[in-house]
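Novice: Compute the structure for the input listed below.
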Amino acid sequence: MKDKERYAELRGEEMKIDFFDLVKRVDVEKMGDFIRYDREKCNGCGLCAMVCSFNLWTVKAGRAKLAARYQELCLECGACWEICEQEAIDFSYPRGGTGVVIEYG
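Specialist: Numbering: from 1, shown residues only. As a prediction, this is how the structure comes out:
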């Protein structure tokens, strides 16, 4: 833990960290679709929406919907794909040399 963080912790202050300062995106326009979704298989359970830390999934009218800008915001963790029991979500990592780069992690 850095001195600044430890000092803030001792004083009871909350550390403010901007996630977007820590995560960079590389060649978003070249990534392609790395999440595919079959609306017909979806049963509207909402588990994908529950596990997505960036709230990229919503459930409306009994079906999940992926945010249009998901490529710019997704952390590429694959949690939505992993939890979908209906196999309505297909996830594959973006093309090599594109996608998320964690700066400090």
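Novice: those strands in this structure, which residues are they?
Specialist: 23-26, 35-37, 57-60, 63-66, 89-91, 99-102 (DSSP state E).
Novice: shaky segments in the protein?
Specialist: 1-15, 17, 19-22, 104-105 (pLDDT under 70).
Novice: picking up where we left off before, Serialize the strands of the chain to JSON lines and add fields for distance to L73 and mean neighbour count.
Specialist: For the C-beta atoms, the positions are set from N, CA and C on the backbone; glycine is no exception. Written out in JSON lines, the entries for the strands of the chain read as follows (distance: least, C-beta to C-beta, whole Å; neighbours: other C-beta atoms under 10 Å):
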{"stretch": "strand 23-26", "distance to L73": "9", "mean neighbour count": "14"}
{"stretch": "strand 35-37", "distance to L73": "11", "mean neighbour count": "18"}
{"stretch": "strand 57-60", "distance to L73": "11", "mean neighbour count": "15"}
{"stretch": "strand 63-66", "distance to L73": "11", "mean neighbour count": "18"}
{"stretch": "strand 89-91", "distance to L73": "15", "mean neighbour count": "18"}
{"stretch": "strand 99-102", "distance to L73": "10", "mean neighbour count": "14"}
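Novice: Distance of I102 relative to R95?
Specialist: I102 sits 18 Å away from R95 when distances are taken as C-beta to C-beta, to the nearest Å.
Novice: next one: E40
Specialist: Counting by C-beta to C-beta - E40 and R95 are separated by 27 Å.
Novice: try Y37
Specialist: Distance from Y37 to R95, by C-beta to C-beta: 19 Å.
Novice: all helices of this protein, in order?
Specialist: Along the chain, counting by DSSP state H, helices occupy 3-10, 19-22, 47-51, 70-73, 79-83.
Novice: May I see the buried residues of the third one?
Specialist: Within helix 47-51, the residues that qualify as buried by neighbour count (16 or more other C-beta atoms under 10 Å) are 47-49, 51.
Novice: And those, which is closest to V59?
Specialist: Taking C-beta to C-beta as the measure, V59 lies nearest A49 of these, at 5.6 Å.
Novice: Dig out what D90 forms beta bridges with.
Specialist: R36 (DSSP bridges).
Novice: If anything else comes up later, I'll come back, but that's it for now.
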